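**Q** here are the coordinates; sequence isn't available:
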């Protein structure tokens, strides 16, 4: 099940998301945002996990 998260974006970013949907890149703005979040998590996940493990060992 998905949780709802409310965010505020600058109008330019919303317009760009809508253009991506209109161009057929994504079925909905929500799906475009989910894609962006997945990419962000994949890009930074290893570093975050590594840093949190390092903090645990230092305690």
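**A** Yep, it's here. Remember, it's a predicted structure, so these values are computed and weren't measured experimentally. Numbering: from 1, shown residues only.
**Q** measure the residue lying closest to residue 14 once chain neighbours are set aside to residue 13 for me?
**A** Spatial nearest neighbour of residue 14, chain neighbours left out: residue 29 (7.7 Å); criterion: Cβ to Cβ, 6 or more residues apart in numbering. In short, each C-beta sits where N, CA and C put it, glycine included. If you measure residue 29 against residue 13 using Cβ to Cβ, to the nearest Å, the figure is 10 Å.
**Q** Also residue 27?
**A** 18 Å.
**Q** so where does the spatially most central residue of the chain fall, helix or strand?
**A** The centre of the chain sits closest to residue 37, judged by Cα atoms, centre = their mean, with a distance of 1.4 Å. Assigned by DSSP states H and E, residue 37 falls within helix 29-58.
**Q** which secondary structure elements does that helix contact?
**A** For helix 29-58, the elements it packs on are helix 11-22, judged by 3 or more Cβ pairs under 8 Å, 6 or more residues apart in numbering; DSSP states H and E.
**Q** The helix it packs on to helix 29-58, inter-axis angle?
**A** 120 degrees (axes from the mean of the first three to the mean of the last three Cα atoms, to 10 degrees).
**Q** can you list contacts of helix 11-22?
**A** 9, 26-29, 32-33 (Cβ atoms under 8 Å, 6 or more residues apart in numbering).
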